[in-house]
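A.B. asks: A structural model of the following input is requested.
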Amino acid sequence: MAEKLNRHYVNGIGTSATTVFTAPAHSSSGTENMSVVCGLILCNTHTADVTVDAFIVPGGTSTQISVLNNVSIKAGNSLEAIQSRIFIKHDGTNADVIQVKCDTGSHIDVFVSTLEGLN
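C.D. replies: Residues are numbered from 1 along each chain as shown. Predicted coordinates for the structure are as follows:
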């Protein structure tokens, strides 16, 4: 798999954990494929403050590794949760995922920047 920059986005995330990025599989079955998450931006589109959680779920587990835990975002504001790099992978069978949820309604938009296809 060739390296490529990519972007992923989900609008209107609400109270259920929503997957915003899944580490892609390698084109050769059974081969590990790494991705770098370069940025994770969350925007509150509501007229009131909201509280968000963002976490990584390692492939093949139900474990939630917190990136943001019960963080308040003011009405109309954005938060950059990842400003550097986080490495996630698809191990040939299972994929790591990034999930986000909001405490109120469907008021969080999320944008993820990635570099994919690192072996």
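A.B. asks: Pick out the residue nearest the middle of this protein.
C.D. replies: By Cα atoms, centre = their mean, the chain has its centre lying nearest to I98, at 3.3 Å.
A.B. asks: Let me see the contact set for it.
C.D. replies: The contact partners of I98, taken as Cβ atoms under 8 Å, 6 or more residues apart in numbering, are T19, V20, F21, V37, L40, A54, F55, I56, V57, V67, I88, V112. Placement of C-beta: from N, CA and C, glycine included.
A.B. asks: one more time with 6 Å
C.D. replies: Residues near I98 by Cβ atoms under 6 Å, 6 or more residues apart in numbering: V20, F21, I56.
A.B. asks: and the first one, what helix or strand is that in?
C.D. replies: Right, V20. V20 belongs to strand 18-22 when assigned by DSSP states H and E.
A.B. asks: Give the partner strands of that strand in its sheet and their orientations.
C.D. replies: Neighbouring strands of strand 18-22 in its sheet, by DSSP bridges, are strand 97-102 (antiparallel).
A.B. asks: Tell me how far the spatially closest residue to K101 that is not a sequence neighbour lies from V36.
C.D. replies: Excluding the flanking residues, the one nearest K101 by Cβ to Cβ, 6 or more residues apart in numbering is A17, at 4.7 Å. Going from A17 to V36 by Cβ to Cβ, to the nearest Å gives 23 Å.
A.B. asks: before we move on, what about L118?
C.D. replies: According to Cβ to Cβ, L118 stands 7 Å off from V36.
A.B. asks: Can you classify I88 by secondary structure?
C.D. replies: strand (DSSP: H, G, I helix; E, B strand; the rest coil).
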